[in-house]
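> got a predicted model here, sequence first, then my questions.
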Amino acid sequence: KAGVTQTPRYLIKTRGQQVTLSCSPISGHRSVSWYQQTPGQGLQFLFEYFSETQRNKGNFPGRFSGRQFSNSRSEMNVSTLELGDSALYLCASSLAWGVSYEQYFGPGTRLTVT
Amino acid sequence: AQTVTQSQPEMSVQEAETVTLSCTYDTSESDYYLFWYKQPPSRQMILVIRQEAYKQQNATENRFSVNFQKAAKSFSLKISDSQLGDAAMYFCAYVTLSNTGKLIFGQGTTLQVKP
């Protein structure tokens, strides 16, 4: 099976712009979670989507949003970018049912805000 | 509060030796899953091993094994016969069954393997 893919891998944006990141989960996985990774804050949960519904949301401002499509692919959007949004954004997918709750990660999108 | 503590920011081990990474966690829930993930420099996060909280038997995956102490909320990772390719940042994490999409991570332990 193909792993989790994320596009683009690298992105440079200017403060105030908006950005959309994409994630394709492992085939058959219905849950997609997003995380922000920074040296200072570590790995922080952004949100999770399951069957096109947001099931949970982390403590991030409303500028961070996401969605999931019927094929389980997910996008996250960050509007009005700030310098502090520079980070590695990781997407992870999971079966999320039965006894299988481990998450498999994509390579991430490295976002730099200047 | 849901937290994970990895008290060793950095560790080093000689190639072929054994090393143990520590992790403690805090959750009020009884049903959860614990994980160790490995993130090599500039590379993808990889699942190393998982442990179901309802299982008393410690999980093992080849050279990787865990010491799960539920009452103490401790979940350490032992790497035997360390290899150069084991050098990475290691994260301890868990999810609860009430919130399966949200991994709670520790701050990570950077493991250096010396030849």
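Structure's in. What do you need?
> tell me the centre residue of the chain?
All of this refers to chain A. Nearest to the mean C-alpha position of chain A, by CA atoms, centre = their mean, lies A:Trp34 at 3.1 Å.
> you looked at the wrong chain, it should be chain B
Against the mean C-alpha coordinate of chain B, by CA atoms, centre = their mean, the closest residue is B:Trp36 at 3.2 Å.
> state the distance from that one to B:Ser65.
The gap separating B:Trp36 from B:Ser65 is 10 Å, by CB to CB, to the nearest Å. Using the backbone N, CA and C atoms, a C-beta is placed for each residue, glycine as well.
> next one: A:Gly106
From A:Gly106 across to B:Ser65, the span is 27 Å (CB to CB).
> neighbour-wise, which of these two wins?
With neighbours defined as other CB atoms under 10 Å in any protein chain shown, A:Gly106 and B:Ser65 compare such that A:Gly106 has more, 24 against 17.
> what about the residue lying closest to B:Gln14 once chain neighbours are set aside, neighbour count?
What sits nearest to B:Gln14 in space, not counting adjacent residues and going by CB to CB, 6 or more residues apart in numbering or on different chains, is B:Lys114, at 5.2 Å. Residues lying near B:Lys114 (other CB under 10 Å) number 11.
> what's the residue of chain A found nearest chain B in contact with, if anything?
Residue nearest to chain B within chain A: A:Glu48 (2.9 Å; CB to the nearest CB). Shown in contact with A:Glu48 (CB atoms under 8 Å, 6 or more residues apart in numbering or on different chains): A:31-34, A:54-57, B:101-102.
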